[in-house]
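S.K.: need coordinates for the below:
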Amino acid sequence: MVTWDTAEELFDRAMAQQMIPGFAAAAGRGDKTQWQSVKGMAVTHGAEPRPLGAEDWFDLASLTKVMATLPALLILAAHGQLSFKDSVTQYFPNWDARWKSVTLQHLLTHTGGLASHREYFANRRGLQEYLEAISEEPFECESGTEVIYSDLGYIVLGAIVERVAGCSLSEFTTKAVFTPLNMQAGFCPKPPLQTRCVATEVIRNQALIGVVHDENARALGGIAGHAGLFAPLEAVVRYVKSWVSEGQSLFTEPVRQAATHLCTPHLNGRRAWGWALREDGYDVGGDFWPLTGAGHTGFTGTSIQFDLPSGLWAVLLTNRVHFGRDTNINGLRRSFHNIVVQAAR
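M.R.: Below is the predicted model of the structure:
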C-alpha cells in the first residue's frame, strides 16, 4: 500500500544517492496539508555545513514566473490596468514593428518567438540594458507558431508589471500578492535572513547563499520576472493553496480557470498562462496526476503541481544544484507526484 511513508522513503533514497542534499516537501487537497517533511542539509560544502530547517528559505528560480510575475499580471488585468491581448509595443512604443504582433499572452505562454536564453550577464547590467538587448534580439519564429520556453519573455513581462504598477516588481508583489496571502517571500534576502537561505551552487569554492543562482537575474540586481524569488516551504504551500482553495484565493474561479486553460492546442507544447499543463515537455506530473493538472519547475530543484477540479497539490523544494548543475531530478519529481496521487485522501 502506498502511504506518506513511501514518500519519505523516496527522498531518503535520493539523499543517500547524493541526488539532493535535502528537501522540504508537502502535499494535500484544498486547504488541508496531509503530509509535510523537511530533511537533509541546507549546506554541505562551500560554507559551514548546516542541517535544513523548516523555516529555511529556498531560491525558487523559475517558480518566480508563476509565483510573482503571473499573479502580478493577473491582478493588474483583474483591475482593468492591462489586457493579455495587448501588444508589447503598447508598453514599449519605441520597439520596432516586429514587436507589434507579440502580445502579453504570447510571452506568458512562451509563444512570443523569443530565444529561450541569452547570456546577457557577460556584458550587460540592469533592466534598461537588458530590455535594449531583448528588443534587438532576432526572433526564432513568428509569434504564436511555436512554444519556446523563454526567460527573455518573462524579463519583459516583469518590466511591464513595473511600468503599469509604477513600482518595482518586488514592491508590487509584496503588496499585492505576498502580504494578502500572509506569505513570507521576496527578492534579494538581506541579513539576517540571508543566513537562513539554502545554499545553491558552489562557485570557486564558495557556496551561493541568499544570492540568486540565475546569472541574468543577478545582473538585473536580483529582481527579475523570470527568477529571483526566495521563500520557505510554508510560503510556497500558502501560494499553491490559493489556487485550489476558494476561501484562500486572490482570484475568483473564472480567473483561475482562465489562467490554467490550454492556450496552445495545436502547437508543440501544452501551455497555459505561466503554467505547464499535463503532457507538456516541461510537465513532471508523473503517470497518475489528473490530466487537468498544471505545474511548474525551478532550475535550482523546486516545483509546484496542482489540479483545480480535485484540489490536489504538491510542493517540492530541493537545492539539487548544490551538487552541480548536471543532476537531473525530474524522475524524482515524477515519482513523488505518483505517490501523492495515491496517498492523498
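S.K.: follow the chain on from the strand or helix carrying Ala72 and name the next helix or strand.
M.R.: Ala72 belongs to helix 70-78 when assigned by DSSP states H and E. Once helix 70-78 ends, the next helix or strand along the chain (criterion: DSSP H and E) is helix 104-108.
S.K.: same for that next one, what does it pack against?
M.R.: If you count contacts as 3 or more CB pairs under 8 Å, 6 or more residues apart in numbering; DSSP states H and E, helix 104-108 packs onto helix 70-78, helix 151-165. Placement of C-beta: from N, CA and C, glycine included.
S.K.: what average pLDDT does the helix or strand following the longest one get?
M.R.: Think helix 151-165. Following helix 151-165 in sequence order, the next helix or strand is helix 169-173 (DSSP H and E). In this model, helix 169-173 carries a mean pLDDT of 98.
S.K.: any idea how far helix 169-173 is from the chain center?
M.R.: Chain-centre distance of helix 169-173: 15 Å, with CA atoms, centre = their mean, to the nearest Å.
S.K.: what comes up buried for it?
M.R.: Applying a neighbour-count criterion of 16 or more other CB atoms under 10 Å, one finds Leu169, Ser170, Phe172, Thr173 buried in helix 169-173.
S.K.: any chance of JSON lines for these, columns distance to Asp31?
M.R.: JSON lines is the format used below for the buried residues of helix 169-173 (distance: CB to CB, whole Å):
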{"residue": "Leu169", "distance to Asp31": "28"}
{"residue": "Ser170", "distance to Asp31": "27"}
{"residue": "Phe172", "distance to Asp31": "26"}
{"residue": "Thr173", "distance to Asp31": "22"}
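S.K.: wait, which of those is closest to Gly222?
M.R.: Distance to Gly222 across those (CB to CB) is lowest for Ser170, with 8.6 Å.
S.K.: one step back: relative to helix 151-165, how tilted is the helix holding Ala72?
M.R.: 40 degrees (axes from the mean of the first three to the mean of the last three CA atoms, to 10 degrees).
S.K.: give me the buried positions along helix 70-78.
M.R.: Quick answer for helix 70-78 (16+ other CB under 10 Å): Leu70, Pro71, Ala72, Leu73, Leu74, Ile75, Leu76, Ala77.
S.K.: the helices and strands packed on helix 104-108: which one's closest to Leu114?
M.R.: Between those, helix 151-165 lies closest to Leu114; by CB to CB that is 4.6 Å.
S.K.: who are the packing partners of that closest one?
M.R.: Checking 3+ CB pairs under 8 Å, 6+ apart, helix 151-165 ends up next to helix 70-78, helix 104-108, helix 127-135, helix 169-173.
S.K.: quick one: closest of these to Tyr149.
M.R.: Short answer: helix 104-108, nearest of the helices and strands packed on helix 151-165 by CB to CB, at 11.5 Å.
S.K.: the spatially closest residue to Thr174 that is not a sequence neighbour: neighbouring residues, count only.
M.R.: Of all residues not flanking Thr174 in the chain, Gly186 sits nearest, at 6.1 Å (CB to CB, 6 or more residues apart in numbering). Gly186 has 21 neighbouring residues, counting by other CB atoms under 10 Å.
S.K.: next up, the contacts around Gly186.
M.R.: Contact partners of Gly186, counting by CB atoms under 8 Å, 6 or more residues apart in numbering, are Ser170, Thr173, Thr174, Phe178, Leu229, Phe230, Ala231.
S.K.: ok, those vs Phe121, which is closest?
M.R.: Nearest to Phe121 among these is Leu229, at 18.0 Å by CB to CB.
S.K.: give the bridge partners for the closest one, please.
M.R.: Phe187 (DSSP bridges).
S.K.: and it, how far from Glu201?
M.R.: 17 Å (CB to CB, to the nearest Å).
S.K.: would Pro254 count as being in a strand?
M.R.: No - in this structure, Pro254 is helix, not part of a strand, as judged by DSSP: H, G, I helix; E, B strand; the rest coil.
S.K.: tally up the residues packed near it, please.
M.R.: By the measure other CB under 10 Å, the count of residues near Pro254 is 9.
S.K.: partners of the longest strand belonging to the chain in the sheet?
M.R.: Counting residues, the longest strand found in the chain (DSSP state E) is strand 32-43. Using DSSP bridges, strand 32-43 pairs in its sheet with strand 22-29 (antiparallel), strand 50-51 (antiparallel).
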